[in-house]
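Asks: Got a sequence here, can you build the structure:
(one chain, ligands or ions: 1)
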Amino acid sequence: MSTSPEKAAFEARLRAIGTARYHDKHPFHQMLHGGACSMTQVRAWVINRYYYQSRIPMKDAALLSRCENPRLRRIWRSRIEDHDGGLAEGGGIRRWLRLAEAVGLDPDYVASTRGVLPGTRFAVDAYVHFVREKTLLEAVASSLTELFAPAIHENRIAGLLKHYAFADDAALSYFRQRLNEAPQDVAFGLAHVLDHADTLEKQDAAAAALTFKTDVLWSQLDTLHSAYVAPARIPPGGWDGREGVTGEIDDHPLQGAAE
Ligand SMILES: O=C(O)c1cc(C(=O)O)c2c(n1)C(=O)C(=O)c1cc(C(=O)O)[nH]c1-2
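Replies: You can find the predicted model right below:
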């Protein structure tokens, strides 16, 4: 099917937002993928990112609850199935907890979300509220950061395998599975936004939603960097580098990082 020049220009506008603002450019990701993170920093990322994982199906359920179109509901529902899975086998959330175990964390501790940084909660909760409150078009558009996710997942798999002893196929199964799931999700989401943003006003709203979402992702890494990279400043309530650790604890990693 051919795309109109207007749609092509709008799609290019959306993609430019990712090029300028996606969190692949954040210094914390560059450290993580380049092998420069201590195990404490990797664990802090796993603990905080779990909070994002745990809220994704809740924001998708919020979207579904407001959606009057059965076809859209049918298609969107698979996102919840991807992350929650069935009672026996679980889904993405369980795969994330496998990563937690591989990096030497008690999965029950991670799933408790104790130790999640306040800034992570604020950013992620803002995403859930956004999807609950804004128009359906803006809610769908806010998921379009996933246009840029397969590249970061590929990069992450390669970087973690190269630099960290914990990394193997089982530990990284979350990311491999997303490589299968995300492209079809985002193809649908993009087509929906291109079709429904049929006025300049709606295009502006969709672009603003995508920009907001890049801020949600960037803010999570900013708060992580501030807490765990020198000069490390863990806010009250943030994980202390020790709780829930089942593997070896880095030698005073946070003291060292605070030099
Ligand atoms: O690792 C990443 O950088 C990354 C980014 C994003 C994203 O762009 O929001 C998602 C994911 N991963 C992901 O795994 C995932 O399931 C996911 C769902 C959504 C969403 O907004 O509905 N984003 C993302």
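
Asks: Spatially nearest residue to the residue of the stretch 1-150 of the chain found nearest the ligand (excluding sequence neighbours)?
Replies: Going by CB to the nearest ligand atom, the ligand is nearest to Thr145 of the stretch 1-150 of the chain, at 3.2 Å. Every residue, glycine included, has its C-beta placed from N, CA and C. Using CB to CB, 6 or more residues apart in numbering and skipping the chain neighbours, the partner closest in space to Thr145 is Lys213 (4.9 Å).

Asks: who touches that neighbour in this structure?
Replies: Residues counted as contacts of Lys213 (CB atoms under 8 Å, 6 or more residues apart in numbering) are Tyr127, Ser142, Ser143, Leu144, Thr145.

Asks: how about those, which pair is most distant?
Replies: Tyr127 and Leu144 (12.9 Å; CB to CB).

Asks: ok, those two, which is more surrounded?
Replies: The residue with more neighbours, out of Tyr127 and Leu144, is Leu144; 26 against 23, by other CB atoms under 10 Å.

Asks: Return the residues in contact with that one.
Replies: By CB under 8 Å, 6+ apart, the contact list for Leu144 reads Leu14, Val186, Gly189, Leu190, Val193, Leu210, Lys213.

Asks: Tell me the one of those residues nearest Arg49?
Replies: Nearest member of the contacts of Leu144 to Arg49, counting by CB to CB, is Lys213, at 15.4 Å.

Asks: Report the separation between Arg176 and Arg156.
Replies: In this structure, Arg176 and Arg156 are 10 Å apart, going by CB to CB, to the nearest Å.

Asks: ok, those two, which is more surrounded?
Replies: Arg156 (20 against 13).

Asks: so the more buried one is in which element?
Replies: Element membership for Arg156 (DSSP states H and E) is helix 149-163.

Asks: Which neighbouring elements make contact with that helix?
Replies: Packing partners of helix 149-163 (3 or more CB pairs under 8 Å, 6 or more residues apart in numbering; DSSP states H and E): helix 27-34, helix 173-196.

Asks: Tabulate the contacts of Lys213 (TSV), appending secondary structure and pLDDT.
Replies: Shown next, in TSV, are the contacts of Lys213 (DSSP: H, G, I helix; E, B strand; the rest coil; pLDDT from 0 to 100):
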residue	secondary structure	pLDDT
Tyr127	helix	98
Ser142	helix	98
Ser143	helix	98
Leu144	helix	98
Thr145	helix	98
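
Asks: got a pLDDT number for the closest residue to Arg79 other than its chain neighbours?
Replies: Using CB to CB, 6+ apart and skipping the chain neighbours, the partner closest in space to Arg79 is Asp60 (4.7 Å). Here the pLDDT value assigned to Asp60 is 98.

Asks: so where does Ser226 fall, helix or strand?
Replies: Taking DSSP H and E as the definition, one finds Ser226 inside helix 200-228.

Asks: Report the inter-axis angle for that helix versus helix 27-34.
Replies: Helix 200-228 and helix 27-34 are oriented at 70 degrees to each other (axes from the mean of the first three to the mean of the last three CA atoms, to 10 degrees).

Asks: Run the chain-centre distance for helix 200-228.
Replies: Here the centre of helix 200-228 is set off from its chain's centre by 11 Å, with CA atoms, centre = their mean, to the nearest Å.

Asks: That helix vs helix 173-196, what angle?
Replies: Inter-element angle recorded for helix 200-228 and helix 173-196: 160 degrees (by the same axes, to 10 degrees).

Asks: and the closest residue to Gln203 other than its chain neighbours, what does it touch?
Replies: Nearest-residue entry for Gln203: Ala197, 4.5 Å, with adjacent residues in sequence omitted and distances by CB to CB, 6+ apart. Going by CB under 8 Å, 6+ apart, Ala197 touches Phe10, Leu137, Ala141, Gln203, Ala205, Ala206.
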